[in-house]
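Colleague: the following comprises the amino acid sequence and a computationally predicted model.
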Amino acid sequence: MIVINQEKARAIAQDKIRAWRSEEFIKNDILIQNALVDGDKPSLEVAKARRGYLRDLPQECEGKTVEELKQLINELGVK
């Protein structure tokens, strides 16, 4: 019987998400800068909301099963 350590699985998923989101933060920061320069308030609000989503994403792993973690990782396109 194979037993998976849930805590380690969550920690691994969180680490993968943190590594993935670092590039996403860079892309999003560019969107924020462009919106500020252009005075595009709707785009700025969307980019700010995405920044908050990216920031909170590792906490999404809490309480999830291994299968749910795999699904989250796949949905994000994390490698």
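Modeller: All right, it came through fine.
Colleague: can you give me the helices in this structure?
Modeller: Using DSSP state H, the helices found in the chain span residues 6-38, 41-56, 66-76.
Colleague: save those as a markdown table, and put in mean pLDDT and mean neighbour count too.
Modeller: (C-beta placed from N, C-alpha, C; glycine too.) Output for the helices of the chain, formatted as a markdown table (pLDDT from 0 to 100; neighbours: other CB atoms under 10 Å):
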| stretch | mean pLDDT | mean neighbour count |
| --- | --- | --- |
| helix 6-38 | 96 | 14 |
| helix 41-56 | 96 | 13 |
| helix 66-76 | 94 | 13 |
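Colleague: how far away is Ser22 from Asn28?
Modeller: Distance of Ser22 to Asn28, computed by CB to CB, to the nearest Å: 11 Å.
Colleague: same deal with Arg55?
Modeller: Applying CB to CB to Arg55 and Asn28 gives a distance of 10 Å.
Colleague: same question, Gln59
Modeller: Counting by CB to CB, the gap from Gln59 to Asn28 is 18 Å.
Colleague: tell me the pLDDT of Lys64.
Modeller: In this prediction, Lys64 carries a pLDDT score of 94.
Colleague: can you pull the contacts of it?
Modeller: Contact partners of Lys64, counting by CB atoms under 8 Å, 6 or more residues apart in numbering, are Arg10, Ala13, Leu72.
Colleague: can I get those in CSV including distance to Lys64?
Modeller: Below are the contacts of Lys64 laid out as CSV (distance: CB to CB, whole Å):
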residue, distance to Lys64
Arg10, 7
Ala13, 8
Leu72, 7
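Colleague: from the residues you listed, which is closest to Gly39?
Modeller: Within the set of these, Leu72 lies nearest Gly39; the separation is 35.6 Å, counting by CB to CB.
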